[in-house]
Each structure stands twice: as structure tokens, then as C-alpha cells.
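K.L.:
Whatever this is, show me its structure:
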Amino acid sequence: MKEKFKFIDLFAGIGGFHLALHELGGECVFASEMDAKARKTYEHNFKTISPQLFQDEMFNDDIRKVDPHSIPDFDVLCAGFPCQPFSQAGYKRGFNDNHSSERGNLFFNIAEILDAKKPKAFFLENVRGIVNHDDGKTFKVIRDIIENDLGYSFYHKVVYASDYGLPQHRPRAFMIGFKNESFMKGFNFPPKIPLKYTMDDVWGGKCHKQVGFTLRVGGRGSKINDRRNWDSYYVDGIVKRISPEEGKKMQGFPDNYEFPVSETQAMKQLGNSVAVDAVTTVARNLVDYMNSLNSNDEMSNKPTKNKGEWSELLTFIKLLNDKKLNLSDSNLKPKGNYFNIKKVTTKNIGSEFLIIDNSQIKVINSTLENGQVIKVGDVINQKSIQKITGLIKDGKGTFEIPEFNIIQDRLGFSLIKGGNSNQKSDIVLNVENDDFQAENEGFGIKSFLGSSPTLLNASGNTNFIFEVKDIDGNLIDEINALEGRSKIRDRISFIIESGGSFVFSKCERDTMEYNLKLTDSRMPEFVSTLLISYFSGNGRDLSDLIKKSFTEGEQNEIEIKFKRLLVDILLGFFAGKEWDGNYISNGTIVLKSNGSLVGFHIIDLAELKEYLFDTIKFDTPSSTRHRFGKIYKEKDGTLYFKLNLQLRF
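P.N.:
Below is the predicted model:
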């Protein structure tokens, strides 16, 4: 019996991946394809096989517009991402191909989805030229992001369609990986199998080649003896050219697969597709191996954690030990006012700890006896806290802290999820002082034990799109060829010095624009103005950028609005999720570089606003990873330029 799983089909074309994964028991829950004619063919053939895909409006037409978090949960990501940038026919521009809707950068949309959804596995396909493109640098970027940034294993092999039963050469790079695979890597590509049929069977006659040429995209017409010939064959001594019927057989599409488009379009679509049998055979090994892996990815089974994860746990035990949280002024100095802590839990554990008095806590919902009372000093002390603090500060990447495992066992809790990038309330407290009392009050955590934390993380959600006017489109390659540390500033200067101008168009994702407008209807415009100023070299501080970007009469109003925006981002909204205007948490705890804690709460919003406005700076993330900083042309000929908003403490 086939074990059910869910997959998504990106850059779907006419559904070669869909056919293969469906045959193995997969359910397609999301698909994306930009080409209108390919979409027509896809829907025509899959509306019966996967009706929910179309009923739920999960067939997207531009992957750049999708918030990854809005995609339904799935197990396997499939993507035959655009190969033209890495092929001879596409001039081998690679990641620098910005001449047709950024097709050279679309791998990074895949990475963004993997990062957000964390599926169990992925299966990518591209031309074999991607492996050695730009002396291997392109492939190294792909592998580094998948392994180091996203935490997946990475396997690759150049596979021929003829390796897995189809009578066609068609060499393609297959890339496969798994989340949370142990260091004992065990996936293997399947061994080659004999041809299921030959070109004689494809033609229904005697063909001069038993394995055919690679089916290609484009018009037909090369002569049989032309070295560029790929579509003509001697069949029973007569020259014949391929039609969609032969193309379907060569690519492994079933006889009942239909093309509701012209023959020319059908041939183009087949040439762009994957070889179905090759994908099916390799995907069968992928699914079997995926199912054999330990799918329990709970944080409790992760002996190693990064600094952010460890900082959350350190904050948790420090609050149990201190039993109070000092409230901070805008300079991160305790004001003398503090919250007494009566209960501590986090979003990542299933236990609660009630503070009885200065020496005892009661444990609820742990592996210990429910309601058991523990002396804090028997488990946590200042010496152990200082040691853990030092280990976090000195740690690199992900690492272990055995001392914390002892504390965890003594307190009897387990961690049920890892990371805090998608939550505002990392820790939940019952707090009280002379003026205020609240239960289950959510606080975020910002740790300075490592590099400075971000207020707003870069992603496709935080890209701002500008239309570039009055510039010659033939300058795209020359502008984008400007490299170096100041490349974005230099490209902006080149455009302006060449008579061009930047006009804010929109946020790349509608959710970001919607959320900004909840703070102020003109906030997207205000942010775009500061982005141009920042990337033009006018400084990082909000106050400086506002002074250099707005008139003296506007500056006070803009400052007030930005202070409100910073609090809204800290406590309220995520860039990729539509916000309801309410705060998700009501405060923030700052873990300072010396290991001490101070907190902010909305009961003193003025201090929090001043702290954020004085501290937050514009920041430049990876322009390659987040697809910005280059001029590009859409299909209608309009030129655009993206800038990314990342804010850091």
C-alpha cells in the first residue's frame, strides 16, 4: 500500500513532477506556473486528478508574489526551476539573468519556501550545466544555502532519461535533500534500468536511433544531417519529424495526456518538461528513504541549538532564579521598577512553573509528579547561569550545552519546538507590581549574547519594488555588472547619473503593504523613501535618514509615525501574514551582553518607543539570497529595481 504524503509543484510546467509524485501516492496541495499556456495544459490534465488544488485556488501564477507561510503544509517540495539562465540557449547568465521576470533568481524563492515550511524533503531539477556554471560557483551557492542556511542534506547526480527506461538522452541535474537527516547519510540514487521501449516503439517503425536526441524547446526545422538536428529521424528509411505524440512517449507522458493548445505550444511545453519516468524512479527512492527517517524533529531531540534558542532557555532559567524582571529605560538601564514573576513558561515547552516563594517552585505538566515542589537552589544557581551564559557567548553555529541538559532533566520538561522566528511571545509570565497585574503575559526575547538581533528579518516579504524610468533597457547588464562592497549604491548612482529615476511601485508582497498601511496609510511610501536614502549611502540611523530624506516641516511627523511602526513590528505583525492590528505580545525582554535581563512593557510605551528609535538601524542582508539590488525587466518591457528592508538592533 502506498504511504500517503503531500507535495508542492513549483515551476510546474505541464506537470511532469505531478504525474510522478501522484503515482507514488502523493497529494499535490500547491502548484505554481507563470506561463499562461502551460497553465492551461496543466489544469486541463489535473483538474480531475487533483480537484482540490483548483477549488482551493492553490494554483499560483507567480511564485514571487506568494507568502511562503500561506502555502499548506507539505512533505516534499518539487521544482524544475528555470533552466534557461544556466543553459547555452539562455546565454548562461545564471543568477544574473534579469531580462525576463528575474528568472535567474527564482531558486531563492525555493529557498525561502524551504526555510518557512521546513518540509521533510525536496527534489530539484535543472540542466546539467548548472553543476559547472560559472566555474562551479553557482552550484556552490545553491548547496551552501541548502546545507548551511536551511539545514538540509544535499545529494546530486546528473541523470539521463535513458538511465531510467526512456529512449532519450536528456541529461539533467537532480538535486535531493532531507531535513534533520543524521550525519549517517543514507540516500542513494536508484541503479540504472533497461529501456522500457526504444525509438522503434515511439515511431511504430524501424528508427535509425534506438535512443533519441534530447527533446528541446523551440521551433523545428533543422535538417536530418545538420549537426544541430534534434527533431528528425529516419523511420523505415523516410525522414520524419517529431510531433507531440512522439514527444509524449519520449518524455514518459501517458497516452491519455492531452494538449488543449497548438502543436507548436505542445512541443514547447514537452521540451520544457521533465522526463516523467526518471523523476518517478528517483522519487520512489526519495519517498522510501524519507519515510524511513526518524520524522520526530522536536527540539527535545536536537542536542545542538543556535544562540537564539539557547538564549531563550537561558532567559527562562534566569527568570526562575531571579523571580523578578527589571523594567528598563531607553538606555537599557533598570529604572528601579520591576515585575515580580509568579509563573514562567515558554511557547516551546509544555510545562509551567509556579513560583511559590524565594526558594520554591511548583511544577505543572512535566515528567515529574504534577504539582511537585522543587527548591530552585537545588537545580539552578548563579554559578551555573554564568557558565551557560559564557558557553552561549563563545558558541559557534549550533552547539551543545550539557550543563543545561542537567537542569532540564531536574525540572522535568521537554522542548516541543525550536526557534522563535515565527512568534512574538517567546516566554509567557504571570507578573505583578504595585501598579499592574497580569496573567499569561507574552514577552519576546532579544539577545545580545551573539550578533545584534534583528527587529525585522529580510525575506521576499520585505522587498520594495521601484519602477526605473528614463533609462535605456540595454544597460541592464552593464548596471548589474557593477560589483564590490558598494555595488547597490553604485548601481543606484549609475542609474541616476544616466538620467534615470526611481518611483516606488509597491511592496513585493501584498501582506507587507497591508500591514504597513495599518500603521499609517502612507507608511509604504515613507519606508521606500528611507530605503533609497539608505542604499544611496546616507547612513543607517533612522534619525539621520529622516533628516536627509524629508523636509524640516515633515520630520517630526515622520519620526512619530516611525516610532509607532517599530513597536508594531516588535509586538504586532509579521511581514508575511495579514495583521489584525492587535499586539501578539505586550513586552520584550532584552538579554544584555553581560547576561543580565531588563524588560519593556506597553504600560510604559514611551520608553519602548524611544529605545527602539534610538537603537534600530537599517541593515543590508544578502542581496543574492533575497533577490534585490539589480535592475530587471518584466515581460511588458518595464524596468524595475528592488530594495530590501531589514532592521537590526
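
K.L.:
Could you tell me which residues make contact with residue 117?
P.N.:
By Cβ atoms under 8 Å, 6 or more residues apart in numbering, the residues touching residue 117 are 68-69, 71, 73-74, 77. Just so you know, the C-beta spots here come from the backbone N, C-alpha and C atoms, and that holds for glycine as well.

K.L.:
Buried among these? Need that as a selection in PyMOL.
P.N.:
To isolate in PyMOL the members of the contacts of residue 117 that are buried, counting by 16 or more other Cβ atoms under 10 Å, one can use:
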select buried, resi 68+69+71+74+77
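
K.L.:
now, the most widely separated pair of the contacts of residue 117?
P.N.:
Greatest spatial distance in the contacts of residue 117: 69 and 77, 14.4 Å, computed using Cβ to Cβ.

K.L.:
Walk me through the domains of this protein.
P.N.:
Residue ranges for the domains of the chain, per automatic domain parsing: 5-191+261-292, 299-447, 454-589+601-648.

K.L.:
Run me through the strand neighbours of the longest strand along the chain, direction for each.
P.N.:
For the chain, the longest strand by residue count, based on DSSP state E, is strand 334-346. Next to strand 334-346 in the sheet, as set by DSSP bridges, lie strand 324-328 (antiparallel), strand 352-355 (antiparallel), strand 427-432 (antiparallel).

K.L.:
got the residue ranges for the helices in the stretch 301-450 of the chain?
P.N.:
According to DSSP state H, counting those that start in this stretch, the stretch 301-450 of the chain carries its helices in the segments 307-322, 382-394, 402-411.

K.L.:
before we move on, the earlier item: which among the domains of the chain is found nearest to residue 233?
P.N.:
Closest approach to residue 233 among the domains of the chain is made by domain 5-191+261-292 (11.0 Å; Cβ to Cβ).

K.L.:
now do the same end-to-end measure for the closest one.
P.N.:
13 Å (Cα to Cα, to the nearest Å).

K.L.:
Centre of the chain to that domain, how far?
P.N.:
For domain 5-191+261-292, the separation from the chain centroid amounts to 15 Å (computed by Cα atoms, centre = their mean, to the nearest Å).

K.L.:
now stretch 337-351
P.N.:
Relative to the centre of its chain, stretch 337-351 is centred 31 Å away, using Cα atoms, centre = their mean.

K.L.:
same check, this time on stretch 438-453
P.N.:
Worked out by Cα atoms, centre = their mean, stretch 438-453 lies 23 Å from the chain centre.

K.L.:
State the mean pLDDT of that stretch.
P.N.:
Stretch 438-453 carries an average pLDDT of 94.

K.L.:
Which stretches in the stretch 351-500 of the chain count as strands?
P.N.:
352-355, 360-364, 373-375, 427-432, 437-447, 454-456, 463-469 (DSSP state E, counting those that start in this stretch).

K.L.:
Ok, which of the ones you listed comes nearest residue 7?
P.N.:
Between residue 7 and the strands of the stretch 351-500 of the chain, the tightest spacing by Cβ to Cβ is seen for strand 463-469, at 26.8 Å.

K.L.:
Any buried residues in the closest one, and which?
P.N.:
Under the neighbour-count criterion of 16+ other Cβ under 10 Å, strand 463-469 has 463-466, 468 buried.

K.L.:
Just the closest of the residues you listed to residue 576, please.
P.N.:
Minimum distance to residue 576 across those is 11.4 Å, recorded for residue 463 (Cβ to Cβ).

K.L.:
Just the strands from the stretch 201-350 of the chain, written as ranges.
P.N.:
232-235, 238-241, 324-328, 334-346.

K.L.:
In a markdown table: the ones you listed, plus mean pLDDT and mean neighbour count.
P.N.:
Output for the strands of the stretch 201-350 of the chain, formatted as a markdown table (pLDDT from 0 to 100; neighbours: other Cβ atoms under 10 Å):
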| stretch | mean pLDDT | mean neighbour count |
| --- | --- | --- |
| strand 232-235 | 95 | 18 |
| strand 238-241 | 94 | 13 |
| strand 324-328 | 97 | 21 |
| strand 334-346 | 94 | 18 |
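
K.L.:
Relative to residue 285, which of those strands is closest?
P.N.:
Evaluated over the strands of the stretch 201-350 of the chain, closeness to residue 285 peaks at strand 232-235, with 32.4 Å, by Cβ to Cβ.

K.L.:
For the stretch 201-350 of the chain, give me the ranges with low pLDDT.
P.N.:
218-221, 294-303 (pLDDT under 70).

K.L.:
As a check, name the ranges of all strands in the stretch 501-649 of the chain.
P.N.:
Using DSSP E, counting those that start in this stretch, strands in the stretch 501-649 of the chain cover 501-507, 587-591, 597-601, 617-619, 631-633, 639-644, 646-648.

K.L.:
Of those, which is nearest residue 175?
P.N.:
Taking Cβ to Cβ, strand 631-633 is the member of the strands of the stretch 501-649 of the chain nearest to residue 175, at 24.9 Å.

K.L.:
helices or strands next to that closest one in the packing?
P.N.:
helix 476-480, strand 639-644 (3 or more Cβ pairs under 8 Å, 6 or more residues apart in numbering; DSSP states H and E).

K.L.:
which of the ones you listed sits most buried?
P.N.:
strand 639-644 (a mean of 23; mean count of other Cβ atoms under 10 Å).

K.L.:
For that strand, give the mean pLDDT please.
P.N.:
The model assigns strand 639-644 a mean pLDDT of 97.

K.L.:
now do stretch 181-189
P.N.:
81.

K.L.:
Same question for stretch 518-528.
P.N.:
98.

K.L.:
from what I can see residue 24 touches residue 285, true?
P.N.:
No - in this structure, residue 24 is not within contact of residue 285 by Cβ atoms under 8 Å, at 10.3 Å.

K.L.:
Many thanks, have a good one.
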